[in-house]
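A.B. asks: sharing a model prediction with you, sequence too.
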Amino acid sequence: MSSSTRRTAALALILTFLVVSCGRGDKPQPPEKICGTPVDWEIAKPLVESAEDLHEYNRVDRSEAISAPCTLFSGDDREMEFNFYWTSDAPGLAQRSEFDPVLEDVSQRRKADIGDEAVVGRNGAIVSASCITDRGRYFTLKLHLPQASILDEANRAKVEKFMRAYFPATVKTLGCR
């Protein structure tokens with residue numbers, strides 16, 4: 001075999017390897033869990049602007065039941081902001097003023113039949129249920145979608161569908177008595 005034939009064969013082999021290798025891993029894999037809760041990505045996907053470089057900042061410690069945030073990022077962009085709260089009293093969402101800071105990240109909110117009490121808006125939701133632990137008697141989960149348009153009414157149905165799946169799945173991970 002001549003040297004030019006060997007070079008051509010080696011180049012073809014390298015190019016074949018690169019084509020096959022570059023095809024692997026191009027598509028980002030969706031997370032199996034968001035903030036420690038198993039999730040069906042098909043339900044979460046409509047709430048996320050980009051699935052590129054998804055990663056979390058998670059301060060939630062379920063075993064200690066200490067209120068804390070968890071944020072899902074795409075690159076540097078905040079996609080989903082959660083706040084996990086354990087309290088001794090029910091949050092009383094229906095009795096709160098529309099100007100209450102607890103409700104400020106949930107625009108155009110309406111009551112929903114999720115957990116013991118819930119409000120769902122165009123850019124987030126708050127859901128609460130009885131969950132007795134050493135730290136409290138109630139668990140409340142707040143979701144805020146910083147990228148969501150507060151003018152898009154279609155977001156409400158997407159948020160509600162997500163919370164109907166995500167909230168009960170989260171409660172199952174908390175060790176409530």
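C.D. replies: In hand now; what should we look at? Numbering: from 1, shown residues only.

A.B. asks: next one: the residue lying closest to residue 133 once chain neighbours are set aside from residue 126, what distance?
C.D. replies: Excluding its sequence neighbours, the residue lying closest to residue 133 (C-beta to C-beta, 6 or more residues apart in numbering) is residue 65, at 4.4 Å. Quick note: C-beta positions are derived from backbone N, CA and C, even for glycine. The gap separating residue 65 from residue 126 is 18 Å, by C-beta to C-beta, to the nearest Å.

A.B. asks: the strands in this protein, which residues?
C.D. replies: 33-34, 37-38, 54-58, 68-74, 77-87, 110-111, 117-120, 124-130, 138-144 (DSSP state E).

A.B. asks: in a markdown table: those strands, plus mean neighbour count and distance to residue 156.
C.D. replies: Converted to a markdown table, the strands of the chain look like this (neighbours: other C-beta atoms under 10 Å; distance: least, C-beta to C-beta, whole Å):
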| stretch | mean neighbour count | distance to residue 156 |
| --- | --- | --- |
| strand 33-34 | 18 | 20 |
| strand 37-38 | 18 | 21 |
| strand 54-58 | 15 | 24 |
| strand 68-74 | 18 | 20 |
| strand 77-87 | 19 | 16 |
| strand 110-111 | 12 | 7 |
| strand 117-120 | 24 | 6 |
| strand 124-130 | 24 | 9 |
| strand 138-144 | 23 | 12 |
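
A.B. asks: and the closest residue to residue 114 other than its chain neighbours, how far is that from residue 167?
C.D. replies: Spatially, and ignoring its direct neighbours in sequence, residue 114 is nearest to residue 127 (4.9 Å; C-beta to C-beta, 6+ apart). Using C-beta to C-beta, one obtains 5 Å as the distance from residue 127 to residue 167.

A.B. asks: what is in contact with the two at once?
C.D. replies: Residues touching both residue 127 and residue 167 (C-beta atoms under 8 Å, 6 or more residues apart in numbering): 114-115, 118, 141.

A.B. asks: kindly reformat the residues you listed as TSV containing pLDDT.
C.D. replies: Shown next, in TSV, are the shared contacts of residue 127 and residue 167 (pLDDT from 0 to 100):
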residue	pLDDT
114	97
115	96
118	96
141	97
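
A.B. asks: tabulate the strands of the chain in TSV, adding columns for distance to residue 102.
C.D. replies: As requested, those are exported to TSV (distance: least, C-beta to C-beta, whole Å):
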stretch	distance to residue 102
strand 33-34	22
strand 37-38	21
strand 54-58	21
strand 68-74	14
strand 77-87	9
strand 110-111	15
strand 117-120	10
strand 124-130	7
strand 138-144	8
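
A.B. asks: of these, which is nearest residue 172?
C.D. replies: strand 37-38 (8.4 Å; C-beta to C-beta).
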